[in-house]
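Undergrad: Okay, sequence plus prediction incoming.
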Amino acid sequence: MKKIAFLGGGKVGQAMAAHVLENKSAEIAFIFDPFRKEDTLLGVPVIRELNETCFEGLDLVVECATADVVKAYAACALKHASFLPFSMTAFREDEVLEGAKKAAAEYGHTLYLPHGAILGLDGIFDGRTIIDEVSIETIKSPKSLGRDDKEYTVVFDGTAREAAGLYPRNVNVHAALSLAGIGFDRTHSRIISDPSVNTNEHVIRVKGEGIDWTIHVTAFAAGAVSGKYVPYSACGSLDRILGSGNVSFV
Ligand SMILES: NC(=O)c1ccc[n+]([C@@H]2O[C@H](COP(=O)([O-])OP(=O)(O)OC[C@H]3O[C@@H](n4cnc5c(N)ncnc54)[C@H](O)[C@@H]3O)[C@@H](O)[C@H]2O)c1
């Protein structure tokens, strides 16, 4: 049975841990989360300090904490195990992405990039050489963006690289789209704060040689960072990595 660990024990981490325990699809060694007061979560030990020895003997490390945690541990984790990060805005810094890819190649592990709150990254990745233009518009409530707008406000319009730096908790999907498609500098990002919504909404346009796609995703969120769909998406990604289940969409 594969041995895994989680960095971050919040909404997404707990959903995945519960799913793994219910399906007995892996052994969970620990959940690293310095901000949790409990000594165990779902019966799994919570640790508050992390060093390289913690990764020894693991098959997979799942990050669901913050972009800073990806920056601090991606390359180190990939020396010992495969790595599944959800805080993907960390990769706006080229050295973080290159460090992770280099460690994965050198030690024979895999950097798994999840589709998270959106759909279709596999298809975009497959078509990346014929794609010319990618844009994404995200509409969230002011609360979800950590703002106090009283009316519909365009809070950002520029490159995905800038957006990921300014809103690291809110535009993981812009980062994921950039990684799958034509990069952080050529992906055009817009972020809108709308006090009339309780959803996270993403409208993606992709154009290229003989293709024109629109992907429109809306999920209930009620001001939280992660919307209704993310725990299901995360559990599906984890199942595919662990090879559990007898049917897989590829
Ligand atoms: N890729 C995507 O599409 C996507 C979608 C939703 C969320 N996310 C990201 O996934 C991450 C988790 O989301 P969530 O809804 O579970 O958030 P959450 O706030 O519910 O949980 C985050 C957990 O991380 C812990 N944490 C904070 N700093 C930490 C540190 N330095 N080390 C270890 N743990 C730390 C917190 O105590 C908390 O328990 C966030 O970064 C979020 O932005 C990505």
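TA: It's in.
Undergrad: Can you give me the pLDDT of the closest residue to Ala67 other than its chain neighbours?
TA: Nearest-residue entry for Ala67: Ala90, 4.0 Å, with adjacent residues in sequence omitted and distances by Cβ to Cβ, 6 or more residues apart in numbering. Where you see a C-beta, it was placed from the backbone N, CA and C, and this is true even at glycine. In the predicted model, Ala90 carries a pLDDT score of 98.
Undergrad: show me where this protein has strands.
TA: According to DSSP state E, the chain carries its strands in the segments 3-7, 27-32, 40-41, 44-47, 60-63, 82-85, 131-140, 153-159, 187-193, 199-208, 211-220.
Undergrad: Would you convert the ones you listed into a markdown table that also reports distance to Ala17, mean neighbour count and mean pLDDT?
TA: Listed next are these as a markdown table, based on distance: least, Cβ to Cβ, whole Å; neighbours: other Cβ atoms under 10 Å; pLDDT from 0 to 100:
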| stretch | distance to Ala17 | mean neighbour count | mean pLDDT |
| --- | --- | --- | --- |
| strand 3-7 | 6 | 24 | 98 |
| strand 27-32 | 6 | 20 | 98 |
| strand 40-41 | 7 | 15 | 97 |
| strand 44-47 | 6 | 18 | 98 |
| strand 60-63 | 9 | 26 | 98 |
| strand 82-85 | 13 | 26 | 98 |
| strand 131-140 | 26 | 20 | 98 |
| strand 153-159 | 33 | 16 | 98 |
| strand 187-193 | 30 | 22 | 98 |
| strand 199-208 | 23 | 20 | 97 |
| strand 211-220 | 21 | 14 | 97 |
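Undergrad: Now that we have those strands, can you turn them into TSV and tack on distance to Pro168?
TA: Formatted as TSV, the entries for the strands of the chain read as follows, by distance: least, Cβ to Cβ, whole Å:
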stretch	distance to Pro168
strand 3-7	16
strand 27-32	19
strand 40-41	24
strand 44-47	24
strand 60-63	13
strand 82-85	12
strand 131-140	14
strand 153-159	13
strand 187-193	12
strand 199-208	15
strand 211-220	20
